[in-house]
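>>> only geometry, no sequence info:
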């Protein structure tokens, strides 16, 4: 219990530098993420190709960039072993680039939009190419009708100049 509280506290402290830079697109993204949690009917762990995982926002703030670089360095140190299995499962991710949560996604056609874990995703993309064929274990959120949330996630991507 204490370890969990300490982990969340460290996570929140790491995000405090980003608060001053928040704007309307961050507020909209927060609302969409809250709705994803509120409207989900379930969630499941799935393995998806790294090439089909898409971030919903850019990593462009100094603290996030620094964290992504550190994660990329950690992944590079294990690159050969990871390429042997072509899998970044939950256990490997937590051991190499730990976080308080899984990478969380919503499926949108033949891609998965990551609404949690974008920094880890950027680090993975820096270390592994499409040709490496890496699979990533993610937590997919399920919905009775995902169309509205998919549309809103695409809007978040547009606001962040990703679409």
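Received the coordinates, thanks. Just so it is clear, the model here is predicted, and its values are computed rather than measured.
>>> hey, where'd the helices end up in the chain?
2-19, 24-39, 62-77, 79-85, 90-96, 118-127, 147-159 (DSSP state H).
>>> any idea which residue is closest to the centre of the chain?
Nearest to the mean C-alpha position of the chain, by CA atoms, centre = their mean, lies residue 117 at 2.0 Å.
>>> tell me which of the helices of the chain lies nearest to residue 108.
Among the helices of the chain, the nearest to residue 108 by CB to CB is helix 147-159 (4.6 Å). Heads up, the C-betas are built off the backbone N, CA and C, glycines and all.
>>> now that closest one: buried residues?
The neighbour-count check on helix 147-159 (16 or more other CB atoms under 10 Å) flags 149-150, 152-157, 159 as buried.
>>> so that helix versus helix 24-39, what angle?
With axes from the mean of the first three to the mean of the last three CA atoms, to 10 degrees defining the directions, helix 147-159 sits at 160 degrees from helix 24-39.
>>> neighbouring contacts of helix 147-159?
24-25, 28-29, 32, 35-36, 39, 54-57, 106, 108, 113, 115, 143, 163 (CB atoms under 8 Å, 6 or more residues apart in numbering).
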